[in-house]
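Fold the following and give me the result.
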Amino acid sequence: MKKLLKKYTGKNLVEIRRELARAHLIIALLSLVAIVLLTLGATQPVTFDGTLSAVCVILLSAVAFISLCMSVSLFRKK
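All right, here's what the predicted structure looks like:
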């Protein structure tokens, strides 16, 4: 951990925050797309289990919400 901290101390922290915010935004968008696909897969004639799809949708919603909140807070932080 100390080596990683020394590696990033010379870099611009604003740039690192922006990259982290973009990464969280990408995670949130991918989670939302997966939710839509699982929802459509649960209603279409594909062999998805309804309860497992519902559990996946709930968990991915939590991941998307947390990532979106992290992204917004990192973009707002000066």
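
next one: the helix or strand hosting Ser73 to chain centre, how far?
For Ser73, the enclosing helix or strand under DSSP states H and E is helix 50-76. What separates the centre of helix 50-76 from the centre of its chain is 6 Å, taken as C-alpha atoms, centre = their mean, to the nearest Å.

counting contacts, what elements does that helix pack onto?
helix 13-43 (3 or more C-beta pairs under 8 Å, 6 or more residues apart in numbering; DSSP states H and E). (C-beta placed from N, C-alpha, C; glycine too.)

So which residue is dead centre in this protein?
Ile27 (2.7 Å; C-alpha atoms, centre = their mean).

The nearest residue to that one once chain neighbours are set aside: what's it in contact with?
Using C-beta to C-beta, 6 or more residues apart in numbering and skipping the chain neighbours, the partner closest in space to Ile27 is Ser67 (4.3 Å). Listed by C-beta atoms under 8 Å, 6 or more residues apart in numbering, the contact set of Ser67 reads His24, Leu25, Ile27, Ala28, Ser31.

picking up where we left off before, I'd say the residue nearest to the centre of the chain and Val63 touch.
Yes - contact criterion C-beta atoms under 8 Å: Ile27 and Val63 qualify, at 6.9 Å.

quick revisit: okay, angle between the helix holding Ser73 and helix 13-43 too, please.
160 degrees (axes from the mean of the first three to the mean of the last three C-alpha atoms, to 10 degrees).
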